[in-house]
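# I'd like to go over a predicted model; first the sequence, then the structure.
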Amino acid sequence: MNDEIVTAIGTPNVALVKYWGKRDFKLNLPTNSSISITLDESLNTKTSVIFTEKLKEDAMYINGERTDLNDVSNEKSRFTRDIINYMRDLSETKARALIVSKNSFPTASGLASSASGAATLSYAVSNALGLSLSARELSIIARKISGSACRGVIGGFVVWRKGEKADGSDSFSEAIADEKYWPDVIDVITLVSSAQKKVSSSEGHRMTPATSELYESRPKSAEGRVKRLEKAILQKDFNTLAEITMKDSNSLHAAMLDTYPPIIYMNDTSREIMYAIHALNENEGGIIAAYTLDAGPNPQIITLKEHKNKVIDAVKGIVGRDKILVAGQGSGPRTLSAAESLIDETNMVPK
Ligand code: DP6
């Protein structure tokens with residue numbers, strides 16, 4: 001497969017029961033299992049990869065900027081380099097890689113840009129090398145770059161089982177139900193701020209377990225929520241899904257605040273949106289929407305297609321209609337045609 005450009009598109013995933021805390025930092029092994037929805041291509045990462053003998057060294061560009069893969073102080077660069085080397089060894093080539101990647105949405109704003117990037121990268125690199133990896137193998141590879149990415153290589157509702165083994169071979173994602181099973185469930189994303197977060201999630205994964213007493217109960221309680229949520233998804237029980245989603249987000253952000261020094265990702269606008277969703281549910285006499293926040297201030301509101309407009313109406317006065325995006329469920333990364341390549345083949349540079 002050398003000298004062939006492969007271009008892939010992948011998407012973020014939104015966690016309903018979240019990953020926060022690692023039992024192994026090198027392998028990104030989590031302290032609890034987590035569940036997410038892989039989103040459709042409303043938000044996406046496109047990545048082109050070529051392996052060729054013409055290059056002297058590996059090069060990677062993200063959103064137009066060269067990323068130094070040899071920067072050992074940058075964990076993500078180090079993990080990415082290790083993954084490229086690992087897959088290159090698997091395919092028994094010595095060719096160097098040119099990787100060009102673009103996100104259609106703000107990086108590091110709590111919208112899972114690293115998950116989308118790492119899931120797409122793992123998929124694109126494995127395809128460029130002609131490796132036929134199973135979803136499980138791809139999930140383990142993506143996990144090593146960014147934990148949450150291991151869920152994004154699979155479509156629909158996905159569970160990442162934390163696993164028990166020290167080598168991480170049983171810590172991978174699998175489908176609970178694909179994107180066609182319960183497509184009514186959608187994500188209304190509110191872009192409160194696109195500013196980069198002050199504390200990276202990698203840093204938070206260390207600090208919260210190390211300093212928060214509230215966190216101590218989380219690994220066990222999150223595991224219980226994962227079990228109940230899996231059942232709720234299979235039964236298409238939105239009420240239970242929504243309650244678990246909001247409670248998991250709230251309990252995580254409580255532990256973040258309990259971290260010392262505190263980690264605060266929410267702002268006043270995030271809180272206003274949360275209140276608006278509770279008010280909406282109260283008015284409706286039942287739960288029709290659930291908010292969830294990752295390591296950033298942007299609430300994502302999980303709802304059913306039939307309630308989309310009610311949800312938008314409830315929050316557009318707070319955040320502005322132009323800051324609201326709606327995403328359905330997606331199928332995970334896929335390959336694009338040669339016309340979509342981000343690499344200029346004649347000069348071997350980003351287009
Ligand atoms: C709050 O996957 O970004 O989004 O493994 O260090 O790359 P690393 O962390 P990352 O953490 C994501 C945390 C979260 C919750 C989630 O997506 O489950």
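Looks like it arrived, so ask away.

# need the residues that contact stretch 113-124.
Outside stretch 113-124, the residues within contact range by C-beta atoms under 8 Å, 6 or more residues apart in numbering are 6-13, 43-49, 62, 76, 80, 83, 99, 101, 103, 105-108, 138, 141-142, 145-146, 148-153, 201, 332-333. C-beta coordinates here come from the backbone N, C-alpha and C atoms, glycine included.

# just stretch 80-99 next, same as before
Outside stretch 80-99, the residues that reach it (C-beta under 8 Å, 6+ apart) are 1-3, 47-53, 55-61, 67, 69-70, 118, 121-122, 124-126, 128-131, 141, 144-145, 343, 348.

# give me the below-cutoff pLDDT ranges for this protein.
The model of the chain has pLDDT under 70 over residues 1, 106-112.

# so which bits of the stretch 151-300 of the chain are right by the ligand?
Residues of the stretch 151-300 of the chain lying near the ligand by C-beta under 6 Å from any ligand atom: 201-202, 205, 294-295.

# so what's Ile62 closest to, chain neighbours aside?
Closest residue to Ile62 apart from its sequence neighbours, by C-beta to C-beta, 6 or more residues apart in numbering: Ser101 at 5.0 Å.

# and Gly332, by the same measure?
Gly332 sits nearest to Gly155 (C-beta to C-beta, 6+ apart), 4.3 Å away.

# quick one: the helices in the chain?
With DSSP state H, the ranges of helices along the chain come out as 75-90, 113-128, 135-145, 201-211, 218-234, 238-257, 268-284, 308-319.

# now the residue most central in space within the chain: how far from the ligand?
Computing the C-alpha centroid of the chain and ranking residues by C-alpha atoms, centre = their mean puts Ala115 first, at 3.5 Å. Per C-beta to the nearest ligand atom, to the nearest Å, Ala115 is found 6 Å from the ligand.

# again, but for Gly317
27 Å.

# repeat that for Ala254.
Going from Ala254 to the ligand by C-beta to the nearest ligand atom gives 14 Å.

# kindly report the same for Pro209.
Counting by C-beta to the nearest ligand atom, the gap from Pro209 to the ligand is 13 Å.

# now that residue: closest residue in space that isn't a chain neighbour?
Nearest residue to Pro209 in three dimensions, chain neighbours excluded: Gly21, at 4.3 Å (C-beta to C-beta, 6+ apart).
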